[in-house]
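**Q** What follows is a predicted structure for the sequence shown.
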Amino acid sequence: MAAHAFDFAPLLRAGLPAPAVKWAGPPKYNFIGGNNDPDHVPVDGLLAAANAVLRREGVTLANYGLESGPLGYRPLREFLAAKLARTAGISCTPDEILITSGSLQALDLVNGLLLAPGDTVLIEQDSYQGSLNRLVRLGVKMVGVPLDGEGMRIDAVEAALEDLARRGIRAKYIYTIPTVQNPTGTIMPEPRRRELLRLSERYAVPIFEDDCYADLTWDGRRPPALYAMSEHGGVIHIGSFSKSIAPALRVGYIVAPWHVLSRILPLKTDAGSGALEQMVLAEFCAQHFGVHVPKLTRGLRMKAETLMESLAEHFGTSAEFEDPRGGIFLWVKLPDAVDTLKLAQAALASGVAINPGPEWSTDKAHGRSRLRLCFASPSRQAIREGVAVLAEVCRREFGVPVRSANVEQRVRA
Ligand SMILES: Cc1ncc(COP(=O)(O)O)c(C=O)c1O
């Protein structure tokens, strides 16, 4: 190692994001990110699958794309085509599925296909930070659509599309997470999906459907995908194995008709996503997906209940939330006095990591006193302890909650 680091600063291109902060290890109470439940990673099944598939087909690793071509490992696409037909009502062939490196790459590819700086998109007002950040970085204008208990409000979608049309603007897409929305945990019912599709058709604005939590509904049921219900074909659908199996595998996918996929494929210039993960997933999922997922969601439901009980115990009526319909998140509203960006910093200093609302919303004022808590990754004990510490920090910093477990607490003078 040279004694002095070479100075790259004058060479960096303009417009780079802020430098990364060095990872300081996991926080003691980790409620951030979209992590999964470590107790439900099917390690034995994955081991057996890896062993079997490598013995049988390991030599195909000699080729880029194995023997399946650039869309990804064919048995995984076959599994997905069958599973999407069964669960989401999607009728597609394996050649209408592109395997990606997580659905984050799918987001980048679809954005790369459609978006240029200055374009406009519609997006749920509270949405996935990874999607919001990408749009900001691309210089795309976002019209935030308010949500209710059934997802995107259709009157607001219509008003936004009408307003844009009046100004001669055709939005590039309507981005939605209709099945277990991130962060609110709602599911858009079938009639609303139909209305959304009607608006999409009327205004000739496609729908970008992000369905990565769709396997994690508490009762295992879900409405048909927008992709399945569409009569005009203007829907691009993406999904992921991150939430149903494990995020570190980095396997997601895009479903689109070939005339769309054929324009996306040339943008995927990485010579294929990791093959071993795809092989292991295909081998594992063909036999075990249907048994694994209900076990996972039962565990997640128990953790969701622990989190809601802990919030009720330590925050009382100061924490408002809707019982989510599935998934791994709770979207919580605290009293207006609480600034969750500040709360997040103070909580982290006490070992509790939370996602502050403004980072998950197009409307920073709306997000100001909201926060997102992921309940999948901490143990139930850690959830209880972490919420107790969070309540302490919140009381110290903002004077709320005044009561915890029916006991009046002393607040800061
Ligand atoms: C709505 C949504 N889309 C996409 C992703 C990206 O997931 P992955 O790249 O792990 O598939 C996430 C991750 O949390 C998400 O919440």
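**A** Nice, I can see it.
**Q** quick one: the helix ranked longest in the chain to chain centroid distance?
**A** Ranked by number of residues, the top helix in the chain under DSSP state H is helix 275-315. Using C-alpha atoms, centre = their mean, to the nearest Å, the mean C-alpha position of helix 275-315 is found 15 Å from that of the whole chain.
**Q** Which elements pack onto it?
**A** With contacts defined as 3 or more C-beta pairs under 8 Å, 6 or more residues apart in numbering; DSSP states H and E, helix 275-315 has these neighbours: helix 43-57, helix 74-88, strand 329-333, helix 380-398, strand 403-404. The C-beta positions use only the backbone N, C-alpha and C, and glycine is treated the same way.
**Q** Which of the ones you listed sits closest to Glu231?
**A** Between Glu231 and the helices and strands packed on helix 275-315, the tightest spacing by C-beta to C-beta is seen for helix 74-88, at 16.2 Å.
**Q** what angle separates that closest one from helix 275-315?
**A** Interaxial angle, helix 74-88 versus helix 275-315 (axes from the mean of the first three to the mean of the last three C-alpha atoms, to 10 degrees): 40 degrees.
**Q** Mind checking the pLDDT average for helix 74-88?
**A** Helix 74-88 shows a mean pLDDT of 98 in the predicted model.
**Q** That one: which residues count as buried?
**A** Neighbour-count burial for helix 74-88, counted by 16 or more other C-beta atoms under 10 Å, picks out Arg74, Pro75, Leu76, Arg77, Phe79, Leu80, Ala81, Lys83, Leu84, Thr87, Ala88.
**Q** restrict the residues you listed to those near the ligand?
**A** Within the set of those, contact with the ligand (C-beta under 6 Å from any ligand atom) is found for no member.
**Q** In a markdown table: the residues you listed, plus distance to Gly112.
**A** Written out in a markdown table, the entries for the buried residues of helix 74-88 read as follows (distance: C-beta to C-beta, whole Å):
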| residue | distance to Gly112 |
| --- | --- |
| Arg74 | 24 |
| Pro75 | 27 |
| Leu76 | 23 |
| Arg77 | 21 |
| Phe79 | 26 |
| Leu80 | 22 |
| Ala81 | 24 |
| Lys83 | 26 |
| Leu84 | 23 |
| Thr87 | 28 |
| Ala88 | 25 |
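**Q** was I right about Phe208 contacting Tyr173?
**A** Yes: if you go by C-beta atoms under 8 Å, Phe208 and Tyr173 touch, sitting 4.3 Å apart.
**Q** Spit out the residues that contact these two alike.
**A** Taking C-beta atoms under 8 Å, 6 or more residues apart in numbering as the contact criterion, the residues that touch both Phe208 and Tyr173 are Val110, Val121, Ile236.
**Q** Pop out the phi and psi values for the last one.
**A** Put plainly, it is Ile236. phi -110, psi 130 (degrees, to the nearest 10).
**Q** Can you give the contact residues for stretch 203-210?
**A** Outside of stretch 203-210, the residues that reach it under the criterion C-beta under 8 Å, 6+ apart are 103, 107, 110, 114, 121-122, 128, 131, 161, 164-165, 170-178, 196-197, 199-200, 225-227, 230, 234-238.
**Q** hang on, the earlier thing: what's the closest of the shared contacts of Phe208 and Tyr173 to the ligand?
**A** The shortest distance between the ligand and any of these, using C-beta to the nearest ligand atom, involves Val110 and amounts to 11.2 Å.
**Q** and the gap between the closest one and Leu47?
**A** Between Val110 and Leu47 the distance, using C-beta to C-beta, to the nearest Å, works out to 34 Å.
**Q** Between those two, which is the more surrounded one?
**A** For Val110 against Leu47, the residue with the higher neighbour count under other C-beta atoms under 10 Å is Val110, and the figures read 26 against 12.
**Q** How about Ala388: what's its closest non-neighbour residue?
**A** If you skip the residues right next to it in sequence, Ala388 has His314 as its closest partner in space, 5.4 Å away by C-beta to C-beta, 6 or more residues apart in numbering.
**Q** Please disregard the earlier target; I meant Ala353.
**A** Pro27 (4.0 Å).
**Q** Which members of the contacts of stretch 203-210 occur in helices, if any?
**A** Mapping the contacts of stretch 203-210 onto helices (DSSP H) picks out 103, 107, 110, 114, 131, 161, 164-165, 196-197, 199-200, 226-227.
**Q** For those residues, which two are the farthest from each other?
**A** Of all pairs drawn from the ones in helices among the contacts of stretch 203-210, the one with the largest separation by C-beta to C-beta is Ser103 and Ala165; the distance is 30.2 Å.
**Q** Which of the two has more residues huddled nearby?
**A** When Ser103 and Ala165 are compared on other C-beta under 10 Å, the one with more neighbours turns out to be Ser103, at 26 against 15.
**Q** Would you tell me which residues of the stretch 51-200 of the chain are close to the ligand?
**A** Taking C-beta under 6 Å from any ligand atom as the test, the list of the stretch 51-200 of the chain residues beside the ligand reads Gly102, Ser103, Leu104, Tyr128, Gly130, Ile177, Asn182.
**Q** Buried residues of the host helix or strand of Val260, list them for me.
**A** Using DSSP states H and E, the element containing Val260 is helix 258-264. For helix 258-264, the buried set under the neighbour-count rule, 16+ other C-beta under 10 Å, comprises Val260, Leu261, Ile264.
**Q** In TSV: those residues, plus pLDDT and distance to the ligand.
**A** Formatted as TSV, the buried residues of helix 258-264 follow (pLDDT from 0 to 100; distance: C-beta to the nearest ligand atom, whole Å):
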residue	pLDDT	distance to the ligand
Val260	98	19
Leu261	98	18
Ile264	98	16
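**Q** Can you tell me which of the residues you listed is nearest Pro94?
**A** Top of the list for closeness to Pro94, among the buried residues of helix 258-264 and by C-beta to C-beta, is Leu261 at 11.4 Å.
**Q** Can you give me every residue that contacts the closest residue in space to the closest one that isn't next to it in sequence?
**A** Beyond its immediate neighbours in the sequence, the residue positioned closest to Leu261 (C-beta to C-beta, 6+ apart) is Leu98, lying 5.7 Å away. With contact taken as C-beta under 8 Å, 6+ apart, Leu98 is in contact with Leu71, Gly72, Ala106, Leu109, Tyr253, Ile254, Ala256, Leu261, Ile264, Leu265, Lys268.
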